[in-house]
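>>> Structure of the sequence below:
(chains A and B)
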Amino acid sequence: MRYMLLIYENEALASKRTEEEQGANFQRYFAFTQKVRGDGVFEAGDPLLGTETATTVQVNGTEVANVDGPFAETTEQLGGYYILDCETLDQALGHAAEIPAAEHGSVEVRPIMQMDA
Amino acid sequence: MADDRLTAIVKTETPRVRARLIREFRDFDLAEDSLQDALLRAVKSWPVDGIPESPAAWLTTVAKRCAIDVLRREQVHHRAVGLLSAGEEDRDELDVFNDDLMRLIFTCCHPSLNLEAQIALTLRTVVDMSLTQVARAFLVSEKTMEQRLVRAKRKIKQAGIPYTVPESRDLPRRLQGMLTVFYLVFNEGYSATAGDALIRFELCQIAIQMTRQLNRLVRGGAEALSLLSLMLLQHSRSKARVDAAGRLVLLEDQDRGLWDRRAITEGTMLLEKALLARQPPGPFQL
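Below you'll find the model as predicted:
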C-alpha cells in the first residue's frame, strides 16, 4: 500500500537554524532517504520551498482568485513529503518516526487512494 | 443440559473463530457474516449429530465454506481460490486460534484508532458483546455505535492497519495503549451501573485474561504486571461487593469469606514482582 508522509514543522523556528544546524539537518534527511531506498519502499520525496513562495488558487464560478500565501495559517507548515510503498500502516509509521521533523514538528501519514485501471 | 453445553461452547469459541477468520479473510464483515452462518448451522446440526471434537475447527471450516460461496456469488474467484488453500498449518490448533485472538486484540487497540473506537471494537469483536450492550456501555444509540464501528473497521482496511502482533522492538510503545484499553474494559465490568451483573462479572474476567496474555508476551514488564495485579485485587472482592438484592456493599460490611483468596495472593505476588523489576513506575503501578 502506498502512503504519503506529509512533513510539518514551524517554518519560523526552522529558519532560525545556523548554517551548521541546517547542514546537519540536511545530512539526516539524506541518510533517511538512503535508508528507505535501501529498504525498497521509496517512491518519491522532496522538500518544499517556504510558504512565502506559496500561492493559493480558488475558482468561484468563472472568477479565478490567486492569493498570496498558504491555504491555511497554522503554527506548523507543510515543508516536504515522502511517498513510500509499505506492506502495512505500522511499517509506514515506523519510517515516519525516523523523519527528523517528527522530533520537533509532526509527520502525517495518509494512505494514497488506489485507482484501478 | 445439552443446550447449556452448546451455549457455553458457542460462547467460548466465537471470539477465537472470529479472530481466525478475520486474519484469513482480512475482512471484518465477511468474517462476521460467515461466522454467523456457521453458528446457525452448528445450532441446527450439533444437537442431532453431536458436538464435534474440535468445535472451533468445525466452525472455521464451515464459515470458510460459507465465505467462499459468498465470494463465488460475487464472482471474486481469485480470492475464493486463495481462501481454499489458506490456513494449512502444522502447529497446535489451539495455539493458532489463540495467536489469532492476540492479533485481533492488537488490531482493535491500534493507536491509529481513537480510544473510544478501540474500546468499542474490542468489546464487540474480542469480548463478543452485542451491539446493544456496547451501545449501552457508551450511553449512545445503537445506530451511533454501529456507525462508529463501521468507521473503525473501514479505517483498519483503508489505512492498512496490520493484523499482527508487533515485533518485540515495537511492543513497548504499544503496551501502555493496550493496557489502557484493557483497564477501561475492566472498569466497564467493575463499576458500570447499567446492565446484567453476570455480564459485568464476565467482562472483568475477560479483561484479566487479555492482560494475562499480554503479560506472557512482554515477560517482566512492570506496567503489565501492575495492571494485572490491580485487576486481580479489585476483582477478588467482586462477589462480596454486591448483596443478594444487587445493592453495593461497603468494604467494612463485606463478607470476607467471599473474597477470592487465590486472586489476592496472586495479585500481591505480581505487585511484588513488578516492584522488583525496578523500572520507573508507570501509572498502573502507582
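
>>> and the residue of the stretch 1-150 of chain B found nearest chain A, how many neighbours does it have?
Using Cβ to the nearest Cβ, B:Ser112 is the residue of the stretch 1-150 of chain B that sits closest to chain A, at 6.3 Å. (Glycine included, C-beta is placed from N, CA and C.) By other Cβ atoms under 10 Å in any protein chain shown, 16 other residues sit near B:Ser112.

>>> Report pLDDT for the residue in chain A that chain B sits nearest to.
Ranked by Cβ to the nearest Cβ, the top residue of chain A for proximity to chain B is A:Thr88, at 3.6 Å. On pLDDT, A:Thr88 comes in at 93.

>>> give me every residue that touches it.
Contacts for A:Thr88 (Cβ atoms under 8 Å, 6 or more residues apart in numbering or on different chains) come out as A:Met1, B:Gly160, B:Ile161, B:Pro162, B:Thr164.

>>> dump the residue contacts of residue 109.
Picked chain A for this. Contact analysis of A:Val109 by Cβ under 8 Å, 6+ apart lists A:Tyr3, A:Met4, A:Leu5, A:Leu6, A:Leu89, A:Ala92, A:Leu93, A:Ala96.

>>> oops, I was thinking of chain B
Contacts of B:Cys109 by Cβ under 8 Å, 6+ apart are B:Gln118, B:Thr122, B:Arg174, B:Gly177, B:Met178, B:Val181.

>>> Restricted to helices, list those.
Counting by DSSP state H, the part of those found in helices is B:Gln118, B:Arg174, B:Gly177, B:Met178, B:Val181.

>>> Verify the contact between the fourth one and B:Asn215 for me.
No - taking contact to mean Cβ atoms under 8 Å, the distance of 11.0 Å between B:Met178 and B:Asn215 leaves them out of contact.

>>> which stretches of the chain aren't confidently modelled?
Answering for chain A, as no chain was given. A:117 (pLDDT under 70).

>>> not what I meant, chain B
Ranges of chain B meeting pLDDT under 70: B:1-2, B:74-94, B:192-199, B:220, B:237-253, B:255-259, B:274-286.

>>> closest point of the stretch 101-250 of chain B to chain A, which residue?
Distances between the stretch 101-250 of chain B and chain A by Cβ to the nearest Cβ are smallest at B:Pro162, namely 3.6 Å.

>>> just the helices in the chain please.
Just going to use chain A. With helices called from DSSP H, chain A shows them at A:11-14, A:19-38, A:89-96.

>>> you looked at the wrong chain, it should be chain B
Applying DSSP H to chain B gives helices spanning B:2-25, B:28-49, B:55-73, B:77-85, B:93-108, B:115-121, B:131-137, B:142-159, B:171-191, B:197-217, B:222-235, B:238-241, B:261-276.

>>> From the chain's centroid, how far away is the second one?
Right, the one you point to is helix B:28-49. When distances are taken as Cα atoms, centre = their mean, to the nearest Å, helix B:28-49 is centred 19 Å away from the chain's centroid.

>>> Spell out whether it and chain A are in contact.
No - judged by Cβ under 8 Å from any Cβ of the partner chain, helix B:28-49 makes no contact with chain A; its nearest approach is 15.6 Å.

>>> Who are the packing partners of that helix?
For helix B:28-49, the packing partners by 3 or more Cβ pairs under 8 Å, 6 or more residues apart in numbering or on different chains; DSSP states H and E come out as helix B:2-25, helix B:55-73, helix B:142-159.

>>> Mind giving me the packing neighbours of the shortest one?
What that stands for is helix B:142-159. Using 3+ Cβ pairs under 8 Å, 6+ apart as the contact definition, the elements that helix B:142-159 packs against are helix B:28-49, helix B:115-121, helix B:131-137.

>>> What residues sit buried inside the longest one?
Within helix B:28-49, the residues that qualify as buried are B:28, B:30-35, B:37-39, B:41-42, B:46, counting by 16 or more other Cβ atoms under 10 Å in any protein chain shown.

>>> count of neighbours near the residue nearest to A:Leu6 when sequence neighbours are not counted?
In this structure, A:Leu6 finds its nearest non-sequential neighbour in A:Glu108, 4.4 Å apart by Cβ to Cβ, 6 or more residues apart in numbering or on different chains. By other Cβ under 10 Å, the residues close to A:Glu108 number 12.

>>> those strands in chain A, which residues are they?
Per DSSP state E, chain A carries strands over the ranges A:2-9, A:42-47, A:55-60, A:63-68, A:77-85, A:106-111.

>>> Just the angle for the longest one relative to strand A:2-9, thanks.
Using axes from the mean of the first three to the mean of the last three Cα atoms, to 10 degrees, the inter-axis angle of strand A:77-85 relative to strand A:2-9 is 160 degrees.

>>> Close to chain B: what parts of chain A are there?
A:Met1, A:Tyr3, A:Cys86, A:Glu87, A:Thr88, A:Leu89, A:Asp90, A:Gln91, A:Ala92, A:Leu93, A:Gly94, A:Pro111.

>>> can you do 6 Å?
Proximity of chain A to chain B (Cβ under 6 Å from any Cβ of the partner chain) is limited to residues A:Met1, A:Thr88, A:Leu89, A:Asp90, A:Pro111.

>>> about what we covered before: mind putting the contacts of A:Thr88 into JSON lines with distance to B:Thr60?
Below are those laid out as JSON lines (distance: Cβ to Cβ, whole Å):
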{"residue": "A:Met1", "distance to B:Thr60": "27"}
{"residue": "B:Gly160", "distance to B:Thr60": "25"}
{"residue": "B:Ile161", "distance to B:Thr60": "23"}
{"residue": "B:Pro162", "distance to B:Thr60": "21"}
{"residue": "B:Thr164", "distance to B:Thr60": "19"}
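
>>> Tabulate these (JSON lines), appending neighbour count and distance to A:Ala72.
Output for the contacts of A:Thr88, formatted as JSON lines (neighbours: other Cβ atoms under 10 Å in any protein chain shown; distance: Cβ to Cβ, whole Å):
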{"residue": "A:Met1", "neighbour count": "16", "distance to A:Ala72": "28"}
{"residue": "B:Gly160", "neighbour count": "20", "distance to A:Ala72": "27"}
{"residue": "B:Ile161", "neighbour count": "23", "distance to A:Ala72": "28"}
{"residue": "B:Pro162", "neighbour count": "18", "distance to A:Ala72": "32"}
{"residue": "B:Thr164", "neighbour count": "16", "distance to A:Ala72": "36"}
